[in-house]
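Novice: Build the 3D model from these lines:
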Amino acid sequence: MRRYLAALFLLSLMLSARAELHPALSSALCSAAAEDSALAPQMEALLEAELIGYHQVEAVLNLPCGDQTLLATVVNGQLAENLEYLAIDLDLDLNAPVVEYAGRRVSFEAFLRARGARGDDTLKTFVETWLADLGDASFNPNLELSMN
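Specialist: As a prediction, this is how the structure comes out:
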């Protein structure tokens with residue numbers, strides 16, 4: 001509720017800067033990204049209030065959150081619910097080059113694999129398991145929809 005009210009309060013700040021994410025929105029998204037299950041309600045509130053649009057999902061993934069991006073925050077924190085929201089609920093093209101990594105644009109999947117490879121064994125296992133689950137239609141309903 002608090003986040004939703006904050007998002008609505010920021011509406012007046014965003015009317016003139018729709019193409020870019022306002023710093024206050026960036027801060028709210030970064031905070032939500034660092035807490036599992038918090039990103040979906042924050043994003044949905046901002047999308048519903050038209051403070052951000054679906055065309056800005058790429059910018060959200062690459063949003064600087066301290067010394068890493070929003071997506072890196074989610075992956076490094078092993079926040080499965082937030083990762084699921086970004087990949088499945090936002091219907092992201094996992095093979096499109098949408099994520100900035102090492103000075104170039106890579107796909108969501110390539111980013112996850114690279115982060116897993118650079119991380120410790122726990123992070124590597126998390127990424128491998130999550131990607132395996134993503135390929136399972138019972139976990140990822142978009143797969144079943146795309147097959148029909």
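Novice: right, and D89 touches A40 too?
Specialist: Yes: taking contacts as C-beta atoms under 8 Å, D89 lies within contact range of A40: 6.6 Å. Yep, even glycine has a C-beta here, placed from its N, CA and C like the rest.
Novice: need the contact list for the most centrally placed residue in the chain.
Specialist: By C-alpha atoms, centre = their mean, the chain has its centre lying nearest to L86, at 4.1 Å. Going by C-beta atoms under 8 Å, 6 or more residues apart in numbering, L86 touches L39, V57, L61, L71, V74, L92, F108.
Novice: How about C30?
Specialist: C30 sits next to L63, C65, G66, L70, T73 when contact means C-beta under 8 Å, 6+ apart.
Novice: repeat that with 6 Å
Specialist: C65 (C-beta atoms under 6 Å, 6 or more residues apart in numbering).
Novice: what comes up buried for the strand or helix carrying it?
Specialist: Applying DSSP states H and E as the criterion places C30 in helix 23-33. Neighbour counts over helix 23-33 (16 or more other C-beta atoms under 10 Å) mark L25, S26, A28, L29, C30, A32, A33 as buried.
Novice: quick check, distance from it to the centre of its chain.
Specialist: Distance of helix 23-33 from the chain centroid (C-alpha atoms, centre = their mean, to the nearest Å) equals 12 Å.
Novice: how much space between the residue nearest to the centre of the chain and Q42?
Specialist: 12 Å (C-beta to C-beta, to the nearest Å).
Novice: cool, and G135?
Specialist: Distance, G135 to Q42, by C-beta to C-beta: 27 Å.
Novice: Counting neighbours, go ahead and name the busier of the two.
Specialist: Q42 (23 against 9; other C-beta atoms under 10 Å).
Novice: how about the nearest residue to the more buried one, chain neighbours excluded?
Specialist: Of all residues not flanking Q42 in the chain, A32 sits nearest, at 3.8 Å (C-beta to C-beta, 6 or more residues apart in numbering).
Novice: is it true that that neighbour touches A40?
Specialist: No: counting by C-beta atoms under 6 Å, A32 sits too far from A40 to count as a contact (8.4 Å).
Novice: So which elements touch the lengthiest helix in the chain?
Specialist: Looking across the chain with DSSP state H, the single longest helix is helix 121-134. Counting contacts by 3 or more C-beta pairs under 6 Å, 6 or more residues apart in numbering; DSSP states H and E, helix 121-134 packs against helix 108-118.
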